[in-house]
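Q: got a sequence here, can you build the structure:
(one chain, ligands or ions: 3)
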Amino acid sequence: MRKPLEKPEIFLQRREKLKNLIPGGSVLVVFASPESYRNGSVMHNYRADSNMYYLTGFEEPESIFVFRPGLKPESILFTRKKDASREIWDGFRFGPEAAKAEYKVDQTFPVEEFESKMIDLLKGSERIYYRQYKNPAADLQIKKVLQEFKFSQGRSGLGILPIYDADELIGELRLFKTDNDIKNHRHACEISAEAHIELMKYVRPGMSERELHGYFIYQVMKKGAAREGYGGIFASGPDACILHYVFNDKTVKAGDLFLVDAAGEFQYFTSDITRTYPVNGRYTKPQSEVYSAVLRTQKSIVEMIRPGLPFAELQKASIELLTHEMLELGLLTGRKEDLIETKEFRKYYPHGVSHFLGMDVHDSGIYQSRKDEPRNIEAGMVFTVEPGLYIPAHDSSDYAGIGVRIEDDILVTKTGSDILTVKCPKEIPEVEALIGR
Ligand code: GLY
Ligand code: MN
Ligand code: MN
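A: Ligands and ions are numbered 1, 2, ... in the order given. This is a model prediction of the structure:
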């Protein structure tokens, strides 16, 4: 029998915390990821939905978790039934009985009973928390359940229960990492940093981006990652300027810069690291000028991080600093204030400097209120710092075709910050000393 990946207490503690956030009279429903890994009879690896894993630790497809704070039963898991013939194809499945014992939920049922059981489980509730539009089949089931529930109440005059977004609610919890989360997150960051170092040592002109991608995955999985945390970007030459370059299929050439945005996932926490370095081990003068500009900016932003600072200040500072650097490099001319006001800086710096990081690479959590009130940085948050400069191949400057991003993952502490990816070198002499060694 398989065992849960982590101790049930971790998930019980998270559900206890959720109780303090969720208004009374609410029922939360979380579905497993749709089985999009089945494409005809071809399978891709399955990964549990982050919210499902976060609250239950249960990793099987087709499961549904229902949470009713303060009621009995409070935690209910619907799972696939045991099925010897299916298990020959898909491997072990817990089934409701073993799932109840191993995952410490109050009640389990076969997933086929979801719709009928929900009529009882919704009694007395005033709203449900559920994330719509992730899984069309689940959306239909929820609609049906809500309609059946209304019918079950007879002519009450009461409307269909309102649906609130579960991601917003759980996102607030996921934003603040516990000691156990940090332990896992730090490990994901450390093995990802080590895999970047191994790749720097391995790269040689003439290799393909695809081989280098494969080598990174090999290194990070050898160190215990379950999978890549997101589709890695292995972009050489001018493709480093393509923010979400996906082909990873060219040959890397001497003289090219190589932008690697890649990381592994450990116990469902991912890292997110970018390093940019010359394939043949020496930055050219224009490459080192752009690289140094981005590195100065990146380090200045990391130094700003402390609890109490509005999160949006990081973006503002990155624009100020990089616009200054663009003027110094001669990429832009004019007054800095005007270039910021007119957003001309976006020609070379078109993206955000940071995003929350956790179980998803662009993790859940609210960046600003609906009234646009800024959110302050707080201890326990983890986010990236990833400024970049991208000078398209058709640019008229000496920097044409150079794309540089430097990205680290930061844990906010009570007094400042802790760079979880600190093991990954980014100073020019350190990086040059590693390449091709
Ligand atoms: N790797 C995705 C990102 O940096 O946002
Ligand atoms: Mn990122
Ligand atoms: Mn990244």
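Q: okay, now the residue of the stretch 301-437 of the chain found nearest ligand 3: neighbour count?
A: Using CB to the ion, residue 407 is the residue of the stretch 301-437 of the chain that sits closest to ligand 3, at 4.9 Å. Any C-beta I mention is one placed from the backbone N, CA and C, and that applies to glycine too. Neighbourhood size, residue 407 [other CB atoms under 10 Å]: 24.
Q: could you do the one 4 residues further on as well?
A: Residues lying near residue 411 (other CB under 10 Å) number 21.
Q: show me the contacts for it.
A: Listed by CB atoms under 8 Å, 6 or more residues apart in numbering, the contact set of residue 411 reads 177, 182, 185, 186, 380, 381, 382, 417, 418, 420.
Q: which of these ranks first by neighbour count?
A: Highest neighbour count within the contacts of residue 411: residue 382, with 27 neighbours (other CB under 10 Å).
Q: was I right to think residue 3 contacts residue 98?
A: No: applying CB atoms under 8 Å as the test, residue 3 and residue 98 come out as separate, 10.5 Å apart.
Q: wouldn't residue 375 be in contact with residue 366 here?
A: Yes: here residue 375 reaches residue 366: they are 6.6 Å apart, a contact under CB under 8 Å.
Q: looking at the two, which is more packed in?
A: Neighbour totals were compared for residue 375 and residue 366, and residue 375 leads with 15 against 12 (other CB under 10 Å).
Q: where exactly do the strands run in the stretch 201-350 of the chain?
A: Along the stretch 201-350 of the chain, the segments classed as strands by DSSP state E, counting those that start in this stretch run 227-228, 233-236, 257-262, 264-266, 269-270, 273-278.
Q: just to revisit the earlier point, would you list the contacts of residue 411 in a markdown table and tack on secondary structure?
A: Listed next are those as a markdown table, based on DSSP: H, G, I helix; E, B strand; the rest coil:
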| residue | secondary structure |
| --- | --- |
| 177 | coil |
| 182 | helix |
| 185 | helix |
| 186 | helix |
| 380 | coil |
| 381 | coil |
| 382 | strand |
| 417 | strand |
| 418 | strand |
| 420 | coil |
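Q: distance of the closest residue to residue 237 other than its chain neighbours relative to ligand 2?
A: What sits nearest to residue 237 in space, not counting adjacent residues and going by CB to CB, 6 or more residues apart in numbering, is residue 256, at 4.4 Å. Distance of residue 256 to ligand 2, given as CB to the ion, to the nearest Å: 22 Å.
Q: mind listing the helices in the stretch 151-300 of the chain by residue range?
A: Applying DSSP state H, counting those that start in this stretch to the stretch 151-300 of the chain gives helices spanning 166-175, 179-202, 209-222, 285-304.
Q: residue 128: which of those is closest?
A: Closest to residue 128 of the helices of the stretch 151-300 of the chain, according to CB to CB: helix 166-175, at 8.5 Å.
Q: residues contacting the closest one, please?
A: Outside of helix 166-175, the residues within contact range by CB under 8 Å, 6+ apart are 14, 17-18, 21-22, 28-30, 50-51, 54-55, 129-131, 356, 358-359, 363-366, 380-381.
Q: please repeat the previous calculation with a cut-off of 6 Å.
A: Residues outside helix 166-175 that contact it (CB atoms under 6 Å, 6 or more residues apart in numbering): 17, 18, 28, 51, 129, 130, 131, 358, 364, 365, 381.
Q: hang on, the third one is in a helix, isn't it?
A: It refers to residue 28. No: assessed with three-state DSSP, residue 28 is strand; it does not lie in a helix.
Q: partners of it in the sheet?
A: Taking DSSP bridges as the rule, residue 28 bridges to residue 67, residue 129.
Q: ok, now residue 376?
A: residue 310.
Q: report how many residues lie close to it.
A: For residue 376, the neighbour count with other CB under 10 Å is 14.
Q: and for residue 34?
A: Residue 34 has 15 nearby residues by other CB under 10 Å.
Q: repeat for residue 131
A: Using other CB under 10 Å, the number of residues around residue 131 comes to 25.
Q: so who does it touch?
A: With CB under 6 Å, 6+ apart, residue 131 has these contacts: 166, 167.
Q: per-residue confidence at it?
A: Residue 131 carries a pLDDT value of 97.
Q: so it is in which element?
A: Counting by DSSP states H and E, no helix or strand carries residue 131.
Q: any weak-confidence spans in this structure?
A: 36-41 (pLDDT under 70).
Q: quick one: which of residue 3 and residue 98 has more around it?
A: Set side by side, residue 3 and residue 98 show more neighbours around residue 98, with 16 against 6, by other CB under 10 Å.
Q: nearest residue to that one in space, please, no chain neighbours.
A: Using CB to CB, 6+ apart, the closest residue to residue 98 is residue 1 (6.9 Å).
Q: I am finished for the moment; much appreciated.
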